[in-house]
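K.L.:
Sequence and predicted structure are below.
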Amino acid sequence: MPGTQQTCRIVVLISGSGTNLQALIDELAGKTTSGQIVAAISNRPDVGGLERAARAGIATAVVNHQDFSDRDSFDAALIACIDSYQPDLVVLAGFMRILTPAFVTHFHGRLLNIHPSLLPKHKGLHTHQRALEAGDSEHGTTVHFVTAELDGGPVVIQASIPVLSEDTVASLAARVQQEEHLIYPLAMNWFIQGRLRLVDNQACLDGEPIPAGGLRLDDFETDMRVQPDA
Ligand SMILES: Nc1nc2c(c(=O)[nH]1)N[C@@H](CN(C=O)c1ccc(C(=O)N[C@@H](CCC(=O)O)C(=O)O)cc1)CN2
Ligand SMILES: NCC(=O)N[C@@H]1O[C@H](COP(=O)([O-])[O-])[C@@H](O)[C@H]1O
């Protein structure tokens with residue numbers, strides 16, 4: 001129908017508890033937004049994220065990387081599974097497998113990840129431990145477009161937190177995840193609204209190039225944060 005915005009079909013890839021998946025589910029729940037999570041796909045069976053999706057009435061699937069002899073065959077099977085849901089956007093939410101260039105090319109421009117560090121610092125795994133060991137004064141999380149370069153894709157938005165002297169890996173991870181659950185729904189909504197796009201490998205919001213370090217959550221309306229009692 002003229003003027004009717006097509007629903008943005010979203011597939012979410014997970015490997016674990018799925019708290020970021022839950023944040024995306026909650027963001028879309030009961031809203032008239034033109035976005036819909038049509039499937040949650042895990043590379044590991046029996047993870048909490050699959051239960052979260054099922055509770056929300058979202059289709060689930062498992063493509064277990066341990067069932068494949070190499071990355072190329074795993075990624076080919078994962079592509080086929082994802083494509084069966086005809087997505088407009090693929091969101092990595094705690095997805096713990098390095099993806100092949102063929103996979104990234106197939107979903108170029110419609111593949112987002114959230115990484116638990118202030119990229120380009122601490123690419124890869126065990127970011128909270130590494131931030132503590134490095135004596136970082138601040139830490140945080142980054143939403144970026146996914147490219148073949150691990151955690152090297154164009155940054156969309158970041159949120160930072162101070163590292164406290166008493167912080168442990170667990171306490172740091174918990175505070176980082178609080179920020180993740182704010183910036184990922186924000187970035188997802190920008191994509192759903194057609195405002196966030198990858199143009200010639202440059203992340204753009206409303207047609208304007210996003211600076212290399214990404215946008216900062218603090219630059220945006222913070223009414224999404226729980227305001228302390230007046
Ligand atoms: N080609 C890309 N693939 C992926 C990217 C990316 O930017 N480009 N982002 C990652 C997400 N990620 C960090 O945010 C990440 C995930 C997994 C690993 C990793 O070393 N995985 C190991 C297995 C670890 C495990 O199973 O526990 C591996 O794949 O051998 C590093 C970073 C998603 N993929
Ligand atoms: N390198 C990828 C990575 O470490 N991702 C991290 O895994 C956690 C998954 O939590 P969740 O399953 O509860 O969303 C999140 O903190 C996410 O940033």
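P.N.:
Noted; the coordinates are in hand. Ligands and ions are numbered 1, 2, ... in the order given.
K.L.:
which residues sit in contact with H106?
P.N.:
Contact partners of H106, counting by C-beta atoms under 8 Å, 6 or more residues apart in numbering, are I79. Yep, even glycine has a C-beta here, placed from its N, CA and C like the rest.
K.L.:
That one and V146: what is the separation?
P.N.:
11 Å (C-beta to C-beta, to the nearest Å).
K.L.:
Surely A56 touches E27?
P.N.:
No - A56 is not in contact with E27 according to C-beta atoms under 8 Å; the separation is 11.7 Å.
K.L.:
Residue numbers of the chain in contact with ligand 2?
P.N.:
Contact residues, the chain versus ligand 2 (C-beta under 6 Å from any ligand atom): 14, 16-20, 49, 93-94, 96, 114-116, 177, 180.
K.L.:
what do you get if the cut-off is 8 Å, keeping everything else the same?
P.N.:
14-23, 47-49, 92-96, 113-116, 124-125, 127, 141, 151, 173, 176-177, 180 (C-beta under 8 Å from any ligand atom).
K.L.:
So the strand or helix carrying L24, near ligand 1 or not?
P.N.:
If you go by DSSP states H and E, L24 is part of helix 19-28. No - Helix 19-28 lies out of reach of ligand 1 by C-beta under 8 Å from any ligand atom, never closer than 11.0 Å.
K.L.:
Could you give me the buried positions within that helix?
P.N.:
Of the residues in helix 19-28, T19, N20, L21, Q22, A23, L24, I25, E27, L28 count as buried by neighbour count, 16 or more other C-beta atoms under 10 Å.
K.L.:
chain center to stretch 140-147, what's the gap?
P.N.:
Using C-alpha atoms, centre = their mean, to the nearest Å, the mean C-alpha position of stretch 140-147 is found 7 Å from that of the whole chain.
K.L.:
List of residues touching it?
P.N.:
Counting by C-beta under 8 Å, 6+ apart, 92, 99, 104, 107, 109, 111-119, 151, 153-161, 176-177, 179-180, 183-184, 187, 198, 201, 203, 214 sit against stretch 140-147.
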